[in-house]
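Asker: model this:
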Amino acid sequence: MDRLRAFEVFVAVVARQGFARAAEALDTSPANVTRYIAELEAHLGTRLLNRHSRKLSLTDSGQALYERARSILDEVAEAEALSASSTLQPRGRLRVNAPVSFGILHLAPLWPKFLKKYPEVELEVSLIDRVVDLVEEGFDLGIRISRTGSTTHIARKLAASRNIVCAAPGYLRQHGRPKSPADLADHACIGYTFSATGDDWHLFDAHGLEHVVKVPSVMRANNGDTARAAALAGVGVIWQPSFLVGDDLRAGRLVPLLPDYRMADIDILAVYPSRRHLSAKVRVMIDFLADAFKGTPPWDRPAATGSR
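Answerer: Residues are numbered from 1 along each chain as shown. I've put the predicted structure just below:
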């Protein structure tokens, strides 16, 4: 049995949810497809597919093999392209992880452009706010929002974002405006669960002196959009990156506070496992994103002339 061909047939059957459709895609007969699946199951000593009248489903063994077989076929395709040409054609599945808010606001509009430019890449995007293990969870590339960079992966900086303390005009009319970092202790504040400093907010004055304030968090959220929505509703004061609240600040829906102080900026990073070869699909994705965010990133650009 040609195991590589058997993997290709198996992946096609699963992806196209049928033996006949897989046969058509592979330019072979349904009988050949059936034979390859039967031989593969016999070789492995396990059932891979549950065959229903109108639908196929994977067994646990089948699911595990499907994920691995797809990765193997991707690697083989790239190896063939590398041997055939000095210029590697990006192709195959590219699994990208990114934070939820940044992924929706600033990455989602870019994916159609990337796919149009690299039609042989199959893009799989997973939005998760926790820090994932790229190797363990099978991601080729991660987009990270970080103040400290990455100690476990190779990282390339794509852009930076300011962290801004702000509140809604309605909240400020009712509770007043803090004039110093210490005043934040007397305000309702909205915390971010994944903040490394918890309820301690760190601000710096014009001389670089750090001011640490333990704020009373009336609410905490593990997602920036949730914290932003609460602030817009007048619940309290937040700090969030300009990539999330930039439009609100330009429109006046949120008001920046403590203009003589600042929080540390954060970097937008593309990270990938250092132990793995930088494949063409990962390389072109990193270059594509770096180009999209070069110069002043969209979230820090001033409002268009004539806008409020």
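
Asker: contact partners for Ile164?
Answerer: Contacts for Ile164 (C-beta atoms under 8 Å, 6 or more residues apart in numbering) come out as 239-242, 245, 249, 256, 263. Using the backbone N, CA and C atoms, a C-beta is placed for each residue, glycine as well.

Asker: just Ala230 next, same as before
Answerer: Listed by C-beta under 8 Å, 6+ apart, the contact set of Ala230 reads 190, 219, 221, 236, 238.

Asker: among the contacts of Ile164, which ones are buried?
Answerer: By neighbour count, with 16 or more other C-beta atoms under 10 Å, the contacts of Ile164 hold 239-242, 245, 249, 263 as buried.

Asker: tell me which of these fall in strands.
Answerer: Counting by DSSP state E, the buried ones among the contacts of Ile164 place 239-241 in strands.

Asker: out of those residues, which comes closest to Glu39?
Answerer: Using C-beta to C-beta, Pro241 comes nearest to Glu39 of these, at 53.6 Å.

Asker: correct me if wrong: that closest one contacts Ala159.
Answerer: No. Pro241 lies out of contact with Ala159 (C-beta atoms under 8 Å); the separation is 10.7 Å.

Asker: residue ranges for the helices of the chain, please.
Answerer: 3-16, 19-26, 30-44, 60-84, 100-102, 111-117, 169-175, 224-232, 242-251, 280-292 (DSSP state H).

Asker: rewinding a little: what residues are shared contacts of Pro241 and Ala159?
Answerer: Counting by C-beta under 8 Å, 6+ apart, nothing touches both Pro241 and Ala159.

Asker: name the nearest residue to the residue most central in space within the chain, sequence neighbours excluded.
Answerer: What sits nearest the mean C-alpha location of the chain, by C-alpha atoms, centre = their mean, is Ala98, with 1.1 Å. Distances taken as C-beta to C-beta, 6 or more residues apart in numbering put Ile143 closest to Ala98, at 3.9 Å, once the chain neighbours are dropped.

Asker: same check, this time on Lys179
Answerer: Leaving aside its sequence neighbours, Lys179 sits nearest to Leu258 (C-beta to C-beta, 6+ apart; 7.8 Å).

Asker: so what's the one you found up against?
Answerer: Applying C-beta under 8 Å, 6+ apart, the residues near Leu258 are 165, 178-181, 203.
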